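**Student:** sharing a sequence plus its predicted fold:
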Amino acid sequence: MSVRHATAGELSAYVLGTLDARRAGAFEAHCASCDACAVALAGEARLELALERAARQPARLSLPAARPLRAAAYGGAGLLAMAAAVALWFAHATATPATGGEGTAAAAAPHAMGDGAILDAYNDALDGG
């Protein structure tokens, strides 16, 4: 082992304790005389310790407890807004005034601007034109 540097596999196997006694002894002797391999071994040992510490820590929830409550509040506000829009739509449709002298047929007829025209005007306003 003194003619070449330790490989990543050898470093990992030594840190994990999977090298046999003969190879572990040769590896230790090489690292005692080779500064580059000693530094690499220290780095591998730090990495293994960090991984063990991370594995022992309990899993943390990434969402705070307030986030589900906030989502429920936004959902409730959205439902309330939709209910208000439906109520206004029906109130508008039933409150169409009758024009004088034209009878009940005029009272039941919607105003001159149909739903398609309303949507077209709304889309034009959103498009800026």
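**Tutor:** Received the coordinates, thanks.

**Student:** how many other residues sit next to Val39?
**Tutor:** Val39 sits with 11 neighbouring residues when counted by other Cβ atoms under 10 Å. To be clear about C-beta, it is placed using only N, CA and C from the backbone, and glycine gets the same treatment.

**Student:** make that Phe27, sorry
**Tutor:** Phe27 is flanked by 19 other residues according to other Cβ under 10 Å.

**Student:** residues in contact with it?
**Tutor:** Residues in contact with Phe27, defined by Cβ atoms under 8 Å, 6 or more residues apart in numbering, are Met1, Ala6, Glu10, Tyr14, Leu19.

**Student:** okay, now the unreliable bits of the protein?
**Tutor:** The model of the chain has pLDDT under 70 over residues 1-3, 59-67, 95-116, 128-129.

**Student:** how does it divide into domains?
**Tutor:** Annotated domains of the chain cover 8-56, 98-129 [automatic domain parsing].

**Student:** which stretch among these comes nearest Ala73?
**Tutor:** With Cβ to Cβ, the closest approach to Ala73 among those belongs to domain 98-129: 27.4 Å.

**Student:** how many neighbours does Asp35 have?
**Tutor:** Neighbours around Asp35, by other Cβ under 10 Å: 9.

**Student:** and of the contacts of Phe27, the nearest to Arg56?
**Tutor:** The shortest approach to Arg56 among the contacts of Phe27 belongs to Tyr14, at 22.1 Å (Cβ to Cβ).

**Student:** now do the contacts for that closest one.
**Tutor:** Neighbouring residues of Tyr14 by Cβ under 8 Å, 6+ apart: Ala6, Ala24, Phe27, Leu41, Glu44.

**Student:** quick revisit: need the domains of the chain in a markdown table (columns: distance to Gly75).
**Tutor:** Listed next are those as a markdown table, based on distance: least, Cβ to Cβ, whole Å:
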| stretch | distance to Gly75 |
| --- | --- |
| domain 8-56 | 36 |
| domain 98-129 | 25 |
